[in-house]
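Enquirer: Sequence below, structure please.
(chains A and B)
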Amino acid sequence: MEMLYNILPVVLLIGLLLVLYFTSSKKEQKDQKIKVPIRKTRAEYESGKEITGVLNEEFSREISPENNSPWIKDRSEPVITTDIDLIGGDIDLPENYIRLFSRDPEYLFTYWQINKELFFNHTFYLRLYNLSNDEYTDIEINEPAGNWYLKIEPDKKYKIAIGYFKKDGFFPVATSGTVHTPPDRPAGIIDKWLAELSEYGLGIEMDSLVISKNIEERKK
Amino acid sequence: MSRGYLALVLHAHLPFVKHQKEGELAEEWLYEAITESYIPLLIVLNRLIQKGVDYQLTISLSPTLITMLADPLLQLRYKKHLEKLIELSEKEIDRTKNEPQFHHLAKMYNDLFNKTYDYYHIKYKNNLLKAFKELEETGKIELITTCATHGYLPLMLTGEAINAQIKMGIDTYRRVFNKRPKGLWLPECAFKPAVEPYLAQNNIRYFICSSHGLLFAKPRPRYGLYAPIFTPSGIAAFGRDTESSRQVWSAAEGYPGDYDYREYYRDIGWDLDYEYIKDYLPSGVRKNTGLKYYRITGKGNWKEPYNPEAARRKAAEHAGNFMFNRQQQVKYLSQVMDRKPIVVSPYDAELFGHWWFEGPMWLEFLLEKIHFDQDDIETTTLSSYLEKEKKKQFAMPCEASWGYRGYHEVWLNGSNDWIYRHLHEAEERLIKLASKYKHLANKNSLIYRALNQMCRELLLAQSSDWAFIINARTMVDYAVFRTKKHLDNFSLLAEGIMKNQLEERKIAELEKINDIFPDLDFKIYQRNTGVKLGKEIESGNAL
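Expert: Next comes the predicted model:
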């Protein structure tokens, strides 16, 4: 018991230090959130993943005229443009896909397409991943609905896959991009940082790409 | 010295409703809007200048509306329509000569239509765009535009589609007004963070979001709705003021529902004997003519004759009330803010005059009163505000719209969700074809023309109006027809390209029917623009 009393201050001290450490790093993050914005974070919401899965290889194949058409060999030469030369080539759309959109802070909208034969040979499930807490929910598709509204939580990241179960678990046939559902209340992040356009030598007449570049520069 | 700003924004938009046969289908939407809203607003705004009233106002003209106002065929058809309307009002003066309660109203309409004719045909030679341009040159109004066909950006699949909607909107504006618009009206105020890079890429300096779109921004906006925020790319986002919107918009508590105001739903097109009125109904089907003789009167079906003097007094009273409320709002806000607050009040332009007959009159009273009667508020355009107040907070507005319940439900529900799968498929198909034919140079070749027309068909199918109408359950057939028809034309051309079976006759026919965006080049759908494109964009609120 006495020993407990001896180490208690030490434990408390360590605890305090930990708290301090985390709050300060959080603060840093917060600062960053305020100042970052620009291009870097952009990648975060551009990188919606395309359809994945073995069955969809053809979708990811890029169509490149250089590879499969005889009508352009050297870009410096005038391009031959008789219509006949341009015909052919593959512009097929994917056979299996699933897509996800936010409708509001409470519902997501998803729609999908699965090869008919494949669909009727398996029991298909939607697997909704909540990327904010790494949990998922499976929903059996028992009718050829083709689309669904999913009840969800506001201000969270989600992703959805469609697939069936094999011996070793869930086999996704197609996966959607990531969706961040809209919030239903004001943000908890509050900052007091204000900027003046003229501080960056900016005016309303200016190009917004120039503006964002200048802002980026200044942050360095 | 004022304590704050009021930024009135009028958004004028109609979907592309030009049809081959005169007066067919929804073309009367354009005629009604010109007679009842656009010309009355232009007349009021010019008259204010003559009265020496200093005011500022932002007006957004949608590219589809710009195209229709500039279209020589539609200009002539409208002139004919107006002549018929004048003829009808003359007949009405005669018919009502023993009904004093209606006779003076028939004269009022006759006078109104004649003035409209003088303004439209004599003064502006059928071209209202000239009138808007002249008004902008006075410095009183700022003209902006919106996306090509008023497409609903957050429900598009790819960045290319979003980019093309924005870019073709700006291009249409530039072709007519010889400069770039500084701001862009987001169709239905619908925004999501993934849209923002495309606004930046197209040099947009500001846009307007719904109230909660701004209030729920991250980080939390320090001044709420009363100062714009900067998005990460430095674009200003203004929020729609809830209080002033409700006063004008709301069916229950808003001004337009006042019992003294004109009743929209009692029109002689429905009320009078069919034999008498049929010559003035396009294709002989009963519909609104614009001559309405009753006031709202009350909640029931009993309607009393309209009294223009009483309505005018009410409009003046409501303008005074609106101004008083804004003064109070600004006085309060200026105490808690370290800068002048801005109250942004955006409305559909067609509300003024078309739905709310006394709307233009109300606006005239309001701007006059603001100028002569007080010093607390001054009106401003959104760009001149940005020049005046420069300190702003960086934050990203959230995904939202100004539709019922604030998000996408109006445009995405059981009644209309089927359209998106097809629109998205068309987006993908077009992007793939645009990349495949990126070296195609002969603009007169059938493939080039077919690809360009495919872009037009997709853009036209994307109008947010179709999903909206399908949801509203009025004229559903027309909206479904338009969506399917454009997608069908799209598929036909795509198939023609893939099977090498393009027919010049068919392409020429579609080019003639859907002749919008003459300078469009399908290459805008290529995967090569500055922002990383070609992937499904993420939905949601990064930051």
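
Enquirer: Name the strands paired with the top strand by length along chain A and say parallel or antiparallel.
Expert: Among the segments of chain A that qualify as a strand by DSSP state E, the longest is strand A:157-166. Note on strand A:157-166: by DSSP bridges, its sheet partners are strand A:125-130 (antiparallel), strand A:169-175 (antiparallel), strand A:179-180 (antiparallel).

Enquirer: Need the contact partners of that strand.
Expert: With contacts defined as CB atoms under 8 Å, 6 or more residues apart in numbering or on different chains, strand A:157-166 is touched by A:49, A:53, A:96, A:98, A:100, A:108, A:110, A:112, A:114, A:122-132, A:141, A:150, A:152, A:170-181, B:540. All C-beta spots, glycine's among them, are computed from the backbone N, C-alpha and C.

Enquirer: which among those residues end up buried?
Expert: By neighbour count, with 16 or more other CB atoms under 10 Å in any protein chain shown, the contacts of strand A:157-166 hold A:53, A:96, A:98, A:100, A:108, A:110, A:112, A:114, A:124-130, A:141, A:150, A:152, A:171-181, B:540 as buried.

Enquirer: Not counting residues beside it along the chain, what's closest to A:Y149?
Expert: The shortest distance from A:Y149 to any non-neighbouring residue, by CB to CB, 6 or more residues apart in numbering or on different chains, is to A:Y107 (4.9 Å).

Enquirer: right, and the one you found touches A:K151 too?
Expert: Yes. Between A:Y107 and A:K151 there is a contact under CB atoms under 8 Å: 6.2 Å.

Enquirer: Run through the residues of the stretch 51-200 of chain B sitting next to chain A.
Expert: B:154-155, B:157, B:159, B:182, B:192-194, B:197, B:199-200 (CB under 8 Å from any CB of the partner chain).

Enquirer: Turn these into JSON lines, columns for neighbour count.
Expert: Listed next are those as JSON lines, based on neighbours: other CB atoms under 10 Å in any protein chain shown:
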{"residue": "B:P154", "neighbour count": "28"}
{"residue": "B:L155", "neighbour count": "25"}
{"residue": "B:L157", "neighbour count": "24"}
{"residue": "B:G159", "neighbour count": "26"}
{"residue": "B:K182", "neighbour count": "21"}
{"residue": "B:K192", "neighbour count": "31"}
{"residue": "B:P193", "neighbour count": "28"}
{"residue": "B:A194", "neighbour count": "28"}
{"residue": "B:P197", "neighbour count": "27"}
{"residue": "B:L199", "neighbour count": "25"}
{"residue": "B:A200", "neighbour count": "25"}
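
Enquirer: residues near the residue nearest to A:Y149, how many?
Expert: The burial metric for A:Y107, expressed as a neighbour count using other CB atoms under 10 Å in any protein chain shown, is 19.

Enquirer: Show the model's pLDDT score for residue 179.
Expert: Picked chain A for this. At A:V179, the predicted lDDT confidence score is 95.

Enquirer: To clarify, I was referring to chain B.
Expert: According to the per-residue confidence, B:K179 scores 94 in pLDDT.

Enquirer: try B:Y152
Expert: Predicted confidence (pLDDT) for B:Y152: 98.

Enquirer: got the contact list for the closest residue to it other than its chain neighbours?
Expert: Setting aside the residues directly before and after it, B:Y152 is nearest to B:S464 in space (CB to CB, 6+ apart), at 4.1 Å. Residues counted as contacts of B:S464 (CB under 8 Å, 6+ apart) are B:150-152, B:187-188, B:190, B:411.

Enquirer: Quick check: mean pLDDT of the lengthiest helix in chain B?
Expert: The single longest helix within chain B, with elements called by DSSP state H, is helix B:308-336. Confidence for helix B:308-336, expressed as mean pLDDT, is 94.

Enquirer: Where does B:E160 sit: helix, strand or coil?
Expert: Put simply, B:E160 is helix when judged by DSSP: H, G, I helix; E, B strand; the rest coil.

Enquirer: That one contacts B:E427, correct?
Expert: Yes. In this structure B:E160 lies within contact range of B:E427 using CB under 8 Å: 7.0 Å.

Enquirer: quick one: which of these two has more around it?
Expert: Set B:E160 next to B:E427 and count neighbours by other CB under 10 Å: B:E160 wins out with 27 against 22.

Enquirer: Got the domain ranges for chain B?
Expert: If the domains of chain B are taken from automatic domain parsing, they occupy B:4-147+B:186-404, B:416-525, with pieces of a single domain joined by a plus sign.

Enquirer: okay, the ones you listed in JSON lines with distance to B:I170 next?
Expert: JSON lines is the format used below for the domains of chain B (distance: least, CB to CB, whole Å):
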{"stretch": "domain B:4-147+B:186-404", "distance to B:I170": "6"}
{"stretch": "domain B:416-525", "distance to B:I170": "11"}
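
Enquirer: rewinding a little: check contacts around the residue nearest to A:Y149.
Expert: For A:Y107, the set of contacting residues under the criterion of CB under 8 Å, 6+ apart consists of A:149-152.

Enquirer: Just the pLDDT for the residue in the stretch 151-300 of chain B positioned nearest to chain A.
Expert: For the stretch 151-300 of chain B, the residue positioned closest to chain A under CB to the nearest CB is B:P232, at a distance of 2.8 Å. Confidence per residue is given as pLDDT, and for B:P232 that number is 87.

Enquirer: State the number of residues packed around the residue nearest to B:D71 when sequence neighbours are not counted.
Expert: Leaving aside its sequence neighbours, B:D71 sits nearest to B:K18 (CB to CB, 6+ apart; 6.4 Å). B:K18: 20 surrounding residues under other CB under 10 Å.

Enquirer: can you check B:Q165 too?
Expert: Here the neighbour count serves as a burial measure; for B:Q165 (other CB under 10 Å) it reads 26.

Enquirer: I'd like the distance from the helix or strand hosting it to the chain centre, please.
Expert: When elements are defined using DSSP states H and E, B:Q165 is found to belong to helix B:159-177. Helix B:159-177 has its average C-alpha position 15 Å from the chain's average C-alpha position, going by CA atoms, centre = their mean, to the nearest Å.

Enquirer: by contact count, what packs against that helix?
Expert: Contacting helix B:159-177 under the criterion 3 or more CB pairs under 8 Å, 6 or more residues apart in numbering or on different chains; DSSP states H and E are the following elements: helix B:63-70, helix B:128-137, strand B:141-146, strand B:183-185, helix B:196-201, helix B:418-436, helix B:446-461.

Enquirer: Low-confidence stretches in chain B?
Expert: Along chain B, the parts satisfying pLDDT under 70 run over B:22-24, B:251, B:528-543.

Enquirer: Would you mind giving the secondary structure of the residue lying farthest from the centre of it?
Expert: The C-alpha centroid of chain B is most remote from B:N98, which lies 41.2 Å away (CA atoms, centre = their mean). B:N98 carries the three-state label coil when classified by three-state DSSP.

Enquirer: Over to A:T123?
Expert: Three states are possible here, and by three-state DSSP the one that applies to A:T123 is coil.

Enquirer: and the angle for the host helix or strand of B:Q75 with helix B:128-137?
Expert: For B:Q75, the host element (DSSP H and E) is helix B:72-95. In this structure, helix B:72-95 runs at an angle of 90 degrees to helix B:128-137, with axes from the mean of the first three to the mean of the last three CA atoms, to 10 degrees as the basis.
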